[in-house]
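In: sequence plus the predicted model coming up.
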Amino acid sequence: MATSVLSPLSLSPTSSAVELQSRQERRYVLWLITALTFLALAVHGYHPYAEDGGPYMVGIKHILDPSLYPHISEFATAHPRFSLFAPTIAVVVKMSRLNLDMVLLLVHAASFWVTLYAAWHLVARCFSSREARTGAVTLLATWMTMPIAGTSILLMDPYVTARSLSTPCALLALIGVESFFRPDLLQEEKRWRGLVLCCLALTVAAAMHPLMAAYAFGSVLMLACQLSEKSSVQRWGSLGLSLLAIAIAWVVLVSGSVESAAHLQAEMTRKYWFLSCWRWYEWAGLIAPLIILAAAAHKRTSANGTKVAFARMAIFCSLTAVAVSLLFGRIEQANHVVAWLQPLRTFQIAYVVMILGLGAVLGERVLRKNALSWIAVFASLGGIMLFAERQTFPASTHFELPGLSPGNAWEEAFLWIRFNTPRDALFSLDSDYITKPAEDAQNFRAAAERSSLPDYTKDGGDAANNPELSSTWAAVQEPQNRLSEKSDMQRISELKPLGVDWVVLRKSASTHFVCDYENSVVKVCRLPPQEFLTATR
């Protein structure tokens with residue numbers, strides 16, 4: 001009986017040797033995660049004004065300087081309105097006395113580091129060998145910007161958004177709940193510290209991105225069920241949570257109001273909300289992870305219990321999200337409030353678990369201690385991701401550091417506008433400018449710091465998420481549709497009543513306007529007064 005209560009340390013030669021080994025392991029982890037952070041940054045690049053990074057930056061800039069974006073300012077503040085992300089970054093900028101661009105770069109690097117660090121501790125719960133753990137986090141670093149099926153989000157973004165902070169918090173919450181449910185009576189204090197970590201991580205995630213935090217909370221509850229020692233809780237508790245989520249989705253749907261025509265038009269810009277609009281390879285992005293996770297969740301034993309629990313959690317959450325989308329997120333329904341909640345974003349956690357599992361198997365069973373194999377495999381995988389990044393942002397500098405020339409002709413024009421046009425100017429661009437060749441989804445407001453009429457793509461998302469903005473958004477789409485192909489008289493007659501002063505046209509556009517700036521792709525022109533119509537007839 002006395003032997004059964006001995007600490008595991010008593011089995012080691014000396015406690016000092018164990019402590020030395022522990023310090024060496026911590027040092028290894030810190031160096032590895034730091035090196036992998038630089039690897040991830042080098043592979044995936046950095047584009048602070050692109051995609052969702054632009055609208056989030058606009059929200060921060062408006063807080064730092066409320067005089068910016070005086071026209072149609074509701075679109076400048078719509079994207080981060082349900083989050084404390086923008087105010088938090090603004091406070092950091094003011095307290096650190098660093099400029100916003102530098103703060104965002106540091107936050108971007110820190111988010112990668114914390115995500116990888118959390119991933120190490122998560123996979124350490126499932127695999128004991130250093131090769132497995134190293135393979136897991138190395139593969140995650142290599143695939144950091146992998147798209148999540150057809151959900152229009154990435155595992156981590158090559159720019160800063162609220163998800164940059166909510167994602168590592170979700171992983172920390174899972175680690176915390178696993179620590180709490182670990183059956184180790186000799187570590188009671190660590191169990192409660194795990195619960196505190198889980199609660200704090202979920203709180204921060206909710207403050208940064210409430211929607212992603214809600215899905216993280218669901219994953220935490222599902223993992224708690226799967227970590228239970230009782231098979232009935234594992235089975236019926238998980239099924240109960242899934243049915244509860246489906247019931248909540250039904251209540252949300254029937255409580256939703258009928259949508260206006262303008263709001264419906266805005267929602268149709270978000271076709272990825274609806275599974276019926278997905279292409280076959282996007283469906284493959286849902287099915288393949290479930291198959292891989294099912295292989296890991298096949299049989300639970302005392303040796304692999306935690307690993308199986310994580311895999312089954314990811315499967316249950318993912319299948320629940322698919323069921324909710326198929327039942328209540330259909331395009332033909334009277335309202336699309338469930339589709340707006342984008343339940344398939346739950347797959348983000350499933351992707352993390354899948355990647356960590358694949359990387360662990362790769363490191364432990366294939367690469368092992370062969371350094372050349374590690375270099376060859378991850379250099380190849382990193383090269384593929386680097387190629388994909390360059391195809392996504394072909395006209396932009398790979399790593400857009402603060403203060404350096406962007407290299408993107410559209411972005412160069414936007415920066416010229418920032419320093420050479422009145423702060424109260426109102427601009428108009430082609431409604432789909434953000435998808436034009438060589439534009440690389442660079443956001444006008446973020447780079448130019450000037451007001452603009454709402455565009456079709458990014459502002460369409462804000463209008464879809466905020467019904468009160470949809471009528472304003474819909475009213476300006478036709479005047480901006482194919483703007484570069486219209487005549488000067490059409491531009492004036494349609495844009496002048498909206499208060500527009502300047503237009504950004506493609507270089508090939510025919511115009512007699514005075515264009516103060518022109519490069520190889522676009523030109524920036526003044527919109528003349530209404531009298532111009534008479535003079536040119």
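Out: Arrived safely, thanks for sending.

In: what residue ranges in the stretch 151-300 of the chain score low on pLDDT?
Out: 183-187 (pLDDT under 70).

In: the helices in it, which residues?
Out: Remark: helices assigned in the stretch 151-300 of the chain by DSSP state H, counting those that start in this stretch are 163-180, 188-208, 210-227, 231-232, 238-255, 261-267, 280-296.

In: just those: most buried one?
Out: helix 163-180 (a mean of 25; mean count of other CB atoms under 10 Å). The way it works is simple: take the backbone N, C-alpha and C, and place the C-beta from them, glycine included.

In: now do it against helix 188-208, angle only.
Out: Angle, helix 163-180 to helix 188-208, by axes from the mean of the first three to the mean of the last three CA atoms, to 10 degrees: 160 degrees.

In: just send the helices of the stretch 151-300 of the chain back as a markdown table, with distance to residue 46 too.
Out: A markdown table is the format used below for these (distance: least, CB to CB, whole Å):
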| stretch | distance to residue 46 |
| --- | --- |
| helix 163-180 | 12 |
| helix 188-208 | 20 |
| helix 210-227 | 21 |
| helix 231-232 | 47 |
| helix 238-255 | 36 |
| helix 261-267 | 30 |
| helix 280-296 | 25 |
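
In: between the ones you listed, which one is nearest to residue 516?
Out: When the helices of the stretch 151-300 of the chain are compared by CB to CB, helix 261-267 sits nearest residue 516, at 33.1 Å.

In: that closest one packs against which elements?
Out: Judged by 3 or more CB pairs under 8 Å, 6 or more residues apart in numbering; DSSP states H and E, helix 261-267 is in contact with helix 458-465, helix 470-475.

In: list the contacts of it.
Out: 259, 273, 336, 339-340, 460, 463-464, 467, 469-471, 473-475 (CB atoms under 8 Å, 6 or more residues apart in numbering).

In: narrow the residues you listed to just the buried residues.
Out: For the contacts of helix 261-267, a burial check counting by 16 or more other CB atoms under 10 Å picks out 259, 273, 336, 339-340, 460, 463-464, 467, 469-470, 473-474.

In: how about JSON lines for these, with distance to residue 441 added?
Out: Formatted as JSON lines, these follow (distance: CB to CB, whole Å):
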{"residue": "259", "distance to residue 441": "27"}
{"residue": "273", "distance to residue 441": "19"}
{"residue": "336", "distance to residue 441": "24"}
{"residue": "339", "distance to residue 441": "23"}
{"residue": "340", "distance to residue 441": "22"}
{"residue": "460", "distance to residue 441": "13"}
{"residue": "463", "distance to residue 441": "18"}
{"residue": "464", "distance to residue 441": "17"}
{"residue": "467", "distance to residue 441": "25"}
{"residue": "469", "distance to residue 441": "20"}
{"residue": "470", "distance to residue 441": "22"}
{"residue": "473", "distance to residue 441": "18"}
{"residue": "474", "distance to residue 441": "22"}
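
In: closest one to residue 143 out of those, please.
Out: Proximity of those to residue 143 was ranked by CB to CB; the top entry is residue 273 with 24.6 Å.

In: circling back: columns distance to residue 151 and mean pLDDT on top of the helices and strands packed on helix 261-267, output as TSV?
Out: Formatted as TSV, the helices and strands packed on helix 261-267 follow (distance: least, CB to CB, whole Å; pLDDT from 0 to 100):
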stretch	distance to residue 151	mean pLDDT
helix 458-465	13	93
helix 470-475	22	95
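
In: for those, could you give me CSV that also reports distance to residue 121?
Out: Formatted as CSV, the helices and strands packed on helix 261-267 follow (distance: least, CB to CB, whole Å):
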stretch, distance to residue 121
helix 458-465, 34
helix 470-475, 44
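
In: give me the buried positions along the longest helix along the chain.
Out: Ordering each helix of the chain by length in residues (DSSP state H) puts helix 15-44 first. Within helix 15-44, the residues that count as buried by 16+ other CB under 10 Å are 29, 32-33, 36-37, 39-41, 43-44.

In: can you report phi and psi for the residue nearest to residue 480 when sequence neighbours are not counted?
Out: In this structure, residue 480 finds its nearest non-sequential neighbour in residue 431, 3.9 Å apart by CB to CB, 6 or more residues apart in numbering. The phi/psi pair for residue 431 (degrees, to the nearest 10) reads phi -60, psi -30.

In: give me the pLDDT value at residue 431.
Out: You'll see residue 431 listed with a pLDDT of 96.

In: what's the burial count for it?
Out: If you count neighbours by other CB atoms under 10 Å, residue 431 ends up with 22.

In: OK, contacts around it?
Out: 455-456, 476-477, 480-481, 483.

In: picking that back up, and of the buried residues of helix 15-44, the nearest to residue 520?
Out: For the buried residues of helix 15-44, the nearest to residue 520 is residue 44 (27.0 Å; CB to CB).

In: how close does the closest residue to that closest one other than its chain neighbours sit to residue 45?
Out: The shortest distance from residue 44 to any non-neighbouring residue, by CB to CB, 6+ apart, is to residue 145 (4.5 Å). Computed with CB to CB, to the nearest Å, the distance linking residue 145 and residue 45 is 8 Å.

In: more crowded one of those two?
Out: Taking neighbours as other CB under 10 Å, residue 145 and residue 45 compare with residue 45 leading, 22 against 18.

In: quick one: that one from residue 162, how far?
Out: Relative to residue 162, residue 45 is positioned 20 Å away (CB to CB).

In: same question for residue 275.
Out: Going from residue 275 to residue 162 by CB to CB gives 25 Å.

In: between these two, who's got more neighbours?
Out: In terms of neighbours (other CB under 10 Å), residue 162 is the more surrounded of residue 275 and residue 162; the figures are 27 against 19.
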